[in-house]
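Asker: dropping the sequence and predicted coords here.
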Amino acid sequence: MNFKTGDKVVVIAGKDKGKVGTITKVLARENRVIVEGINIVKKHIKPNGQEAGSIVDIEAPIHASNVMIQDPKTKKPTRIGHTTLKDGKKVRVCKKSKENLD
């Protein structure tokens, strides 16, 4: 998976299509990401000894194929490529603007 925590992404499919957010968590085994402010669902919390029960809004994971990296220059969705720098370090680059992501 080419996504890392802190990347700005654009949702390209689903109920939140077109929205932009920042990745807060990457679930690599499930191929899913949690994006800040995207895919909000209601969760029912059972009461326990100290707190009353309630309904809270949380961000649910979204499949990685439904998001694309936002190009830093053009602010549009772009694919991710990889290239090697002169010092041998492998970095992620945007396909549209050739901008470094790392």
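Answerer: Perfect, I can see it now.
Asker: I'd guessed Arg92 sits against Ile80; true?
Answerer: Yes. With contact defined as Cβ atoms under 8 Å, Arg92 reaches Ile80; the gap is 5.3 Å. (Each C-beta comes from the backbone N, C-alpha and C, glycine too.)
Asker: between the two, which contacts overlap?
Answerer: The contact sets of Arg92 and Ile80 overlap at Asn2, Leu101 (Cβ atoms under 8 Å, 6 or more residues apart in numbering).
Asker: for Gly21, give the beta-bridge partners.
Answerer: Beta-bridge partners of Gly21, counted by DSSP bridges, are Val9.
Asker: show me the contacts for it.
Answerer: Lys8, Val9, Val11, Val35, Glu36, Gly37, Ile38.
Asker: count of residues packed around the third one?
Answerer: Burial of Val11 is recorded as 20 neighbouring residues (other Cβ atoms under 10 Å).
Asker: how far away is it from Gly18?
Answerer: 7 Å (Cβ to Cβ, to the nearest Å).
Asker: cool, the fifth one as well?
Answerer: Here Glu36 is placed at a distance of 16 Å from Gly18 (Cβ to Cβ).
Asker: between those two, which one's more packed in?
Answerer: Glu36 (13 against 8).
Asker: distance of the more buried one from Asn2?
Answerer: Glu36 is 19 Å from Asn2, by Cβ to Cβ.
Asker: can you check Ser54 too?
Answerer: From Ser54 to Asn2 the distance is 37 Å (Cβ to Cβ).
Asker: so which residue is smack in the middle of the chain?
Answerer: Centroid-nearest residue in the chain: Ile23, 3.6 Å away (criterion: Cα atoms, centre = their mean).
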